[in-house]
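Coordinates for the following, if possible.
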Amino acid sequence: MNIHLVLLIVYSVGVVALGIWTSRLVRQSSDFFVGGRSLGPGLLLASMLAANIGAGSTVGAAGKAYEEGISAWWWVGSAGIGSLIFAVTVAPALWRLAAKHDFYTTGDYLEFRYGVRVRTVIAIVVCLGSLTVLAGQLIAGAAILNVVVGTPRWAGALVGAGVMTIYFAAGGLLGSAWVNTLQLIVMLTGFLAALPFVLTSAGGFDGITQSPAAPAWFGDFFYSSGPLSGWTFLVLTGPSFIISPGLIQKAYGARSVSAVRIGIGLNAIILMLFAFLPVIFGMAARTEIPDYILDPNAVLPTFLLTQLPVWLGALALAAVFSTEVDTCDAILFMFSTSVSKDIYKRHLRPKASDRELLLVARLAAVAGGAAGVVLSIVLATVIGALTIFYSVIVASLFVPILGGLYVRRANERAALASIAAGLITLFAVRIAVSPTFPWIDPLVTALIAAAVAFTIVIVRPGSAPRRLGT
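The predicted model follows:
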């Protein structure tokens, strides 16, 4: 009997059952979109951690650590740093606006501050970008099933998509918050149980860094081989966790400003501590597995399957699979709410009833899950998929969201100019400049271009804000 497979099946069935059970709590669209604004610090913490600890934080981080060592901490650690800034600045300010004006999505805020054109442009960007990060989660889940039972990527992605689509479409934010609590317990239990065994087997952290198989830089916390390596991840993942539409909408679900600060703040601290776990596992894999693993997606599942006792490996694999599934629901949340509220109700059916809006959100979740499966077959790696998402979101949203909160003269033309400048620069530098000059970071250049375009428009004579958002 394959105990690893049995545990994965039992876990998946349990998650689906809990998600369907929580659907009874969803009686109107506000329950689906913002959880009835009833989430206390505990549920908000669980929901945020479940969204933030996913394929990139586990499978992706371990694969990066296998190649570059302890400096891979910055991939997840930067998310914790960004989340801490989000908790004490942007999230409370946006929550107050959401509670006062009944915002459901980030698009609601953008239309309030800039106008419908900015909302529509960002909704399209978010929908397309969110599908790439969803594909990244499904790639990781498929890698686990491939290592355990040899299923091809398309089949593994289909299984993961089926599990998360059913329970999220049933319960929305309110239901997934409860499911995420269970998933968080499974994930932390599995990783913390495996850590002492991994360190003991490898001879401690010094045994890992001083192994003959370890490169010279393996123990250098500040090592970087260039953009998208080591501390440079702070530029990519830090800002994205300050303005992520999915995380903003989860913050909307809090019951108070204090719940926002406490729940998201604790999430940030735990993220920075958790960041060491998959990195240590990935580093240990480099020293414990003789044959070099060519596929970075397979590093963590292969290590857990082959280097741990069967019962512990099964528990740890269930923990990893848990992280992939619970982050998928956060992405579906971002996709389905943008499609239903920002596009369908705003442009196609302005008079749609509450019941119709809820139905469209659920159908959008199903369609998003299917699209994620298709993209997971096309894209190569977890970090590759997530990098596309983070880059696009930061380049298009960072300046308009912060500018809308803190710059009184911010207006629609400035927001649209920054979005256009950021996205055009991002892709132009990535395609035409970075291959020749690898230290020119596409995202940094895009952020500078977005900020410059925003500033030029608002300082022009006669420029005035459309309306103030504070």
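
And residue 51, what's its pLDDT?
As predicted, residue 51 sits at a pLDDT of 72.

do you know how far residue 305 is from residue 56?
From residue 305 across to residue 56, the span is 20 Å (CB to CB, to the nearest Å). (Glycine included, C-beta is placed from N, CA and C.)

again with residue 161
Between residue 161 and residue 56 the distance is 17 Å, computed by CB to CB.

cool, residue 286 as well?
As for residue 286, its distance to residue 56 is 19 Å (criterion: CB to CB).

ranges for the helices of the stretch 101-250 of the chain?
Taking DSSP state H, counting those that start in this stretch as the test, the helices found in the stretch 101-250 of the chain are 106-113, 116-149, 153-202, 204-209, 233-243, 245-252.

I'd like to know which of those lies nearest to residue 64.
With CB to CB as the criterion, residue 64 lies closest to helix 233-243 of the helices of the stretch 101-250 of the chain, at 8.9 Å.

Show the contacting residues for the residue nearest the centre of the chain.
Central residue of the chain (CA atoms, centre = their mean): residue 52, 5.1 Å from the mean position. Shown in contact with residue 52 (CB atoms under 8 Å, 6 or more residues apart in numbering): 79, 83, 241, 247, 267, 271, 327.

nearest spatial neighbour of residue 82, skipping sequence neighbours?
Counting by CB to CB, 6 or more residues apart in numbering, residue 82 lies nearest to residue 241, which is 3.2 Å off, once chain neighbours are set aside.

What count of nearby residues applies to that neighbour?
Residue 241: 27 surrounding residues under other CB atoms under 10 Å.

now the one 4 residues further on
Taking other CB under 10 Å as the criterion, the count of residues near residue 245 is 27.

before we move on, what about residue 226?
Applying other CB under 10 Å, we find 12 residues neighbouring residue 226.

Pull the most distant pair out of the contacts of residue 52.
Farthest apart among the contacts of residue 52 by CB to CB are 83 and 327. That separation is 14.2 Å.

on that earlier part again, I'd like to know how far the residue nearest to the centre of the chain sits from residue 127.
Separation of residue 52 from residue 127 (CB to CB): 21 Å.

Residue 196 now?
On the measure of CB to CB, residue 196 and residue 127 end up 43 Å apart.

Which of the two has more residues huddled nearby?
residue 127 (19 against 9).

where does the residue lying closest to the more buried one once chain neighbours are set aside land in three-state SS?
In this structure, residue 127 finds its nearest non-sequential neighbour in residue 338, 5.3 Å apart by CB to CB, 6+ apart. Following DSSP: H, G, I helix; E, B strand; the rest coil, we place residue 338 in the helix state.

Pretty sure residue 107 is one of the things residue 338 touches, is it not?
Yes - contact between residue 338 and residue 107 holds when scored by CB atoms under 8 Å: they sit 6.4 Å apart.

Quick check: neighbours shared by those two?
123, 126, 245.

Let me see the contact set for the second one.
Residue 126 sits next to 106, 107, 245, 334, 335, 338, 342, 393 when contact means CB under 8 Å, 6+ apart.

Just give me the closest of these to residue 370.
Nearest to residue 370 among the contacts of residue 126 is residue 335, at 11.4 Å by CB to CB.

Let's see the pLDDT reported for the closest one.
Residue 335 carries a pLDDT value of 81.

Also residue 112?
pLDDT at residue 112 comes out at 93.

Distance check, it against residue 451.
22 Å.

ok, now residue 305?
Residue 305 is 46 Å from residue 451, by CB to CB.

Ok, residue 351 next?
39 Å.

Can you verify my assumption that residue 138 contacts residue 160?
Yes - counting by CB under 8 Å, residue 138 does reach residue 160; the two are 5.1 Å apart.

of those two, who's got more company?
Between residue 138 and residue 160, counted using other CB under 10 Å, the more crowded position is residue 138 (34 against 29).

Tell me, how many residues neighbour the nearest residue to residue 124 once chain neighbours are set aside?
Using CB to CB, 6+ apart and skipping the chain neighbours, the partner closest in space to residue 124 is residue 343 (7.8 Å). Number of residues near residue 343 (other CB under 10 Å) recorded here: 18.

Can I take it that residue 343 is in a helix?
Yes - counting by three-state DSSP, residue 343 is found in a helix.

how near is it to residue 367?
The gap separating residue 343 from residue 367 is 12 Å, by CB to CB.

next one: residue 445
According to CB to CB, residue 445 and residue 367 sit 34 Å apart.

More neighbours: these two, which one.
More neighbours surround residue 445 than the other of residue 445 and residue 367, with 19 against 16 (other CB under 10 Å).

Only alpha carbons, please: show stretch 120-127 as CSV.
Extracted C-alpha coordinates of stretch 120-127, given in CSV (Å, rounded to 0.1, in the frame of the first residue of the first chain):
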residue,chain,number,x,y,z
THR,A,120,-11.3,48.0,-16.2
VAL,A,121,-7.6,48.0,-17.2
ILE,A,122,-6.5,46.6,-13.9
ALA,A,123,-9.3,44.0,-13.8
ILE,A,124,-8.0,42.6,-17.1
VAL,A,125,-4.4,42.6,-15.9
VAL,A,126,-5.3,40.9,-12.7
CYS,A,127,-7.4,38.2,-14.4
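
Pull the distance from that stretch to the chain's centre.
For stretch 120-127, the separation from the chain centroid amounts to 17 Å (computed by CA atoms, centre = their mean, to the nearest Å).

swap in stretch 427-437?
Mean C-alpha position of stretch 427-437 versus that of the full chain (CA atoms, centre = their mean) differs by 25 Å.

try stretch 419-438
23 Å.

List the buried residues of it.
By 16 or more other CB atoms under 10 Å, the buried positions in stretch 419-438 come out as 419, 421, 422, 423, 425, 426, 429, 430, 434.

Quick check: next helix or strand after the helix or strand hosting the first one?
Spelled out, it's residue 419. Counting by DSSP states H and E, the element that carries residue 419 is helix 412-428. Helices and strands here follow DSSP H and E; after helix 412-428, the next one along the chain is helix 442-459.

That next one vs helix 233-243, what angle?
Orientation check (axes from the mean of the first three to the mean of the last three CA atoms, to 10 degrees): helix 442-459 against helix 233-243 gives 50 degrees.

residue contacts, the closest residue to residue 452 other than its chain neighbours?
Leaving aside its chain neighbours, residue 452 sits nearest to residue 421 (7.1 Å; criterion: CB to CB, 6+ apart). Counting by CB under 8 Å, 6+ apart, residue 421 touches 446, 449, 450, 452, 453.

Return the closest of those residues with respect to residue 13.
Each of the contacts of residue 421 was scored against residue 13 by CB to CB, and residue 446 proved nearest at 43.6 Å.
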